[in-house]
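Asker: With the input below, show me the fold.
(2 chains)
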Amino acid sequence: MTVSRFRNILYTVAAIVSLVGLADATYLAVQALTGETLGCGGSPDCFRVLGSSYARVGGIPVALFGTLAYFSVFTFATFAAFGYVQARVLLIPIIGAMFLATLWLLYVQAFLLHAYCRYCLFSAAITFLLAGLVIALPPERDGSGA
Amino acid sequence: MKRYLPFVIVGVVALATLGSGAMLYRAKRPQLLTIPEDKVLPGKNDTESMHIRGNPGAPVTLEEFGDFQCPPCGNFAGFADALVKEYEPHLRIVFRNFPLQNHQHARDAALAAEAAGLQGHFWEMHDVLYREQVVWSKTDNVRQVFESYAGMIGLDLDQFRKDIDGEKAKARVDADRERGHSVGVDRTPTVFLNNRSLGPNDRTPEGLRAMVDAALKEKAATK
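Answerer: Below you'll find the predicted structure:
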């Protein structure tokens, strides 16, 4: 298998993985927008995370930022798989930012709220997987693109 | 064709995300409930069986279905009391027990509140339970903690121990839950303002104030 082909496979896998994250983040964003997280009825710990002040930035649900981030990753990974070099360049900082945000959110759950939400943990796992895929990408040498 | 394919794929995913998000939003949007005529709360008469804070004959009633182990119920209780004082004598709050099954100690807490109520100190226990929610929620032996609260608010401890396991307290908690189920309550806090349930954003201090003002205007207009 050529390096270029291996790279395209990784971009395709990243696009598919980001779709799973997109579904998770969309679900969380809808929960936040409907106000479902402002009451009890589901998992009490999920409420403690999603109903906390850390779950919003400037009044906007963090999950909504997550939805946008996963959609961006999907878009760039798809274009990268089709050989668009600029998309490859943009993919790395986005996943890096998501990785840092995920570390912060895990810290909040573990040390500030002492509660975990399984949907947030799932999203964290997806982000770590995306970060792993980006790290596994062979370095660009040819500079060719569509 | 290959040149346009990524645009098509991204476009399809964007539409699918927006579409499924919108469908999910419609499905999860809180259903606003209305208490049917035959279950509407009585006015100032026949209110002995209810826990009322504020003027029993107030024109505006907030009926809350709460769970003492639910953090948003604690938040709501925190400002609802201040609101009753602010709107005195135009607003009353009726509390109903709706302990959720996934909250380990919620039913015990409801029974403790009702046992305190049998000695005429329901609201004192209600306030302590919400104030100390973080403490007792994570305790194994909650009965012991509730007894300490009972001592703190000056209850007869022997009577409290009997009442917390007694039929009267159980019957009251069950009756409240039954009423909740019969009007469609499935989560907490569910708050009815003059028999119409409030959406999540109306349960904030600002939202609630606006709703109470509107209800008072409506009452004044129909006089």
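Asker: From the contact counts, what lies against the helix or strand where B:F95 lies?
Answerer: Using DSSP states H and E, B:F95 sits within strand B:91-97. Contacts defined by 3 or more C-beta pairs under 8 Å, 6 or more residues apart in numbering or on different chains; DSSP states H and E place strand B:91-97 against strand B:51-54, strand B:60-66, helix B:71-87, helix B:106-118, helix B:167-182. For the C-beta atoms, the positions are set from N, CA and C on the backbone; glycine is no exception.
Asker: quick one, longest helix in chain A?
Answerer: helix A:3-34 (DSSP state H).
Asker: What distance do you get for the residue of chain B found nearest chain A to B:V40?
Answerer: Residue nearest to chain A within chain B (C-beta to the nearest C-beta): B:P200, separated by 2.7 Å. Here the criterion is C-beta to C-beta, to the nearest Å. By it, B:P200 lies 24 Å from B:V40.
Asker: Same question for A:A63.
Answerer: Taking C-beta to C-beta as the measure, A:A63 falls 38 Å from B:V40.
Asker: Please say which of these two ends up with more neighbours.
Answerer: Shown here are A:A63 and B:V40; by other C-beta atoms under 10 Å in any protein chain shown, A:A63 has more neighbours (25 against 14).
Asker: Find the nearest non-adjacent residue to that one, please.
Answerer: Distance criterion C-beta to C-beta, 6 or more residues apart in numbering or on different chains; nearest residue to A:A63, sequence neighbours excluded, is A:L28 at 3.6 Å.
Asker: surely the one you found meets A:L121?
Answerer: No. The pair A:L28 / A:L121 is not scored as a contact, 11.7 Å apart, by C-beta atoms under 8 Å.
Asker: between the two, who's got more neighbours?
Answerer: A:L28 (26 against 15).
Asker: ok and the residue in chain A nearest chain B?
Answerer: For chain A, the residue closest to chain B is A:G35, as judged by C-beta to the nearest C-beta, at 2.7 Å.
Asker: That residue: neighbour count?
Answerer: Applying other C-beta under 10 Å, we find 17 residues neighbouring A:G35.
Asker: and it, what does it touch?
Answerer: By C-beta atoms under 8 Å, 6 or more residues apart in numbering or on different chains, A:G35 lies in contact with B:P30, B:G199, B:P200, B:N201.
Asker: And it, how close does it get to B:D38?
Answerer: Computed as C-beta to C-beta, the A:G35 to B:D38 distance reads 29 Å.
Asker: re the thing from before, could you tell me which of the contacts of A:G35 belong to helices?
Answerer: Within the contacts of A:G35, no residue falls in helices by DSSP H.
Asker: May I see these arranged in a markdown table, with neighbour count and pLDDT as well?
Answerer: Shown next, in a markdown table, are the contacts of A:G35 (neighbours: other C-beta atoms under 10 Å in any protein chain shown; pLDDT from 0 to 100):
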| residue | neighbour count | pLDDT |
| --- | --- | --- |
| B:P30 | 17 | 74 |
| B:G199 | 16 | 85 |
| B:P200 | 17 | 81 |
| B:N201 | 11 | 76 |
